[in-house]
Structure formats: structure tokens, C-alpha cells
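[1] 3D, please:
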Amino acid sequence: MPHLVLWDIDHTLIESRGVGRELSAAAFEQVTGRPMRDQAKIDGITEAVIFRETAMMHGLTTNRSDFERFAQALTEQHVQHAAELRERGSALAGAAAALDALAAAKVQQTVVTGNVRAVAEIKLNVFGLDTHIDWDVGAYGEDADLRPSLVSLALARSSATAADAVLIGDTPADVQGGRENGVRTIAIATGRNSAASLREAGADVVLTDLTDIDLLLRLVTDRMQT
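    Numbers count the residues shown, from 1 in each chain. Below is the predicted model:
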């Protein structure tokens, strides 16, 4: 059976309900000196790209050093406002049970996320979802711009083959990251993308949420046709 699950975070395992955007805006202003009037598309996009494109929307040209300062400021914002994130956000239904069930089945779990690693760790820790995550084999928003590269990096770091892995996410970008690496994808329609759009993107399976733990476990461990 597959021995590695690659989890997306936002809208797949957790919902920040606006806190994430507020913290991004604070970090953006801290680094650039400009209030963030608008933000580039974020669904399935890495922090490096979001920062660069948001800066361009404000007439700014940035470099890697600017992004690294933004990533540090964003981490600090999440540390300072962890209690607010916990109060306003939530783990999505079934997320904790899904992580526990996969761990009990001896499936290795990590994340492939547009978040920088430090923020990813804070987000899952805030909601008690970090216990079963192997952080060192994951791939993060500072590692590459596009999802396919992140998936490839996570496979390399874990020494897993594509046939050993399953990717679980909520955006067409997640699906693309899996498909371009030959990784089976389970799309969860808990974000801004409809089940129909996720099927159209090429997801192998589309679920409405994570609440049917037995079904998810069977899908991941390949005990039923997908």
C-alpha cells in the first residue's frame, strides 16, 4: 500500500477564516512599508509567488532577500497571534481523525504546502494536528514556486516513489502537482473549488470532506478501486 501521504494544509486540514490574510497584510507592510491594499491569488500558490505578485500589484519589485524578510515577519505574526488563529479558525471536520487513522495504519504523513515551513508548523500545532507529521520530508513555500516541484522535492526527501504516495489537497494546483509527478490525488472539496472543478482538473478521487474516515483509509491504502 502507499506509504506516504502528502497533505495540503489550508482548506484541506484547517480553515483560518481570514486570520491568515490579516497576518500576511501585517507582515507585508512591515517589510515593504506599504499597506497591503490587495493580495494576489492565493489558492494553491506558494508564499514566495504570492509575495512577489502582491508586491508587483503595489508597484514594487522584490528579490529573494525581501521574501526571506517577509517569511520571517509572517512567522513572527503567527507566533504573536496564535491564540487568535485558534479562536477564529478551526481544524476541518474529520482532519484529526484522518491523521490518527493513517498513523495507526503505519502510513507516513507529511505536508506539501505553499506555507513556509515555520508557519505550516504553527498552523497545525495550533489545532493539534502536528503529531503525526514528518516535517523533514515535506516541501514548503520557500522551497520552490510551483506545486509540481514541491511534490517532486517531497518524494526525493522521503525516498518514496510516486507509486508509494498519495496527495490530498483542495485545489487544482494540488491535483496538478500530483499528476505531473505520477502521484495519485484525492481532492477534498472543502475550499473555494467545487467538486466538479476538481474532477475536471484530473483528481483521481473527489470527496466532499474528510469525515468518512473508513473510506479515506481504504482509498489511501488502495483497498478499493479508484
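[2] domain ranges for this protein?
    4-15+90-220, 19-86 (automatic domain parsing).
[3] tell me the mean pLDDT over the last one?
    For domain 19-86, the mean per-residue pLDDT is 96.
[4] which residues touch the longest helix seen in the chain?
    Ordering each helix of the chain by length in residues (DSSP state H) puts helix 64-80 first. By CB atoms under 8 Å, 6 or more residues apart in numbering, the surrounding residues in contact with helix 64-80 are 23-24, 26-28, 30-32, 47-48, 51-52, 55, 85, 116, 118-119, 122-123, 141-142. Where you see a C-beta, it was placed from the backbone N, CA and C, and this is true even at glycine.
[5] list the buried residues in it.
    Neighbour counts over helix 64-80 (16 or more other CB atoms under 10 Å) mark 66-67, 69-71, 73-75, 77-78 as buried.
[6] ok, back up a step: deepest-packed of the domains of the chain, please.
    Of these, the one with the most neighbours on average (mean count of other CB atoms under 10 Å) is domain 4-15+90-220, at a mean of 20.
[7] just the terminal-to-terminal distance for it.
    9 Å (CA to CA, to the nearest Å).
[8] what do you get for stretch 138-146?
    One end of stretch 138-146 sits 14 Å from the other (CA to CA).
[9] thought P148 was touching A173?
    No: taking contacts as CB atoms under 8 Å, P148 lies outside contact range of A173: 9.1 Å.
[10] what's the span of stretch 181-199 from first residue to last?
    Counting by CA to CA, you get 18 Å between the two ends of stretch 181-199.
[11] now do stretch 208-218
    With CA to CA, one end of stretch 208-218 sits 16 Å from the other.
[12] tell me the mean pLDDT for that stretch?
    96.
[13] all strands for this protein, in order.
    4-7, 14-15, 90-91, 108-111, 165-169, 184-188, 205-207 (DSSP state E).
[14] please identify which of those is closest to L155.
    With CB to CB as the measure, strand 165-169 is the member of these nearest L155 (6.4 Å).
[15] counting contacts, what elements does the closest one pack onto?
    strand 4-7, helix 147-158, helix 172-179, strand 184-188, helix 213-220 (3 or more CB pairs under 8 Å, 6 or more residues apart in numbering; DSSP states H and E).
[16] mind checking which of these is nearest A201?
    For the helices and strands packed on strand 165-169, the distance to A201 is smallest for helix 172-179, at 3.8 Å, taking CB to CB.
[17] contacting residues around that closest one?
    Counting by CB under 8 Å, 6+ apart, 6, 8, 12, 43-45, 112, 146-148, 150-151, 167-169, 183-185, 187, 193, 197-198, 200-203 sit against helix 172-179.
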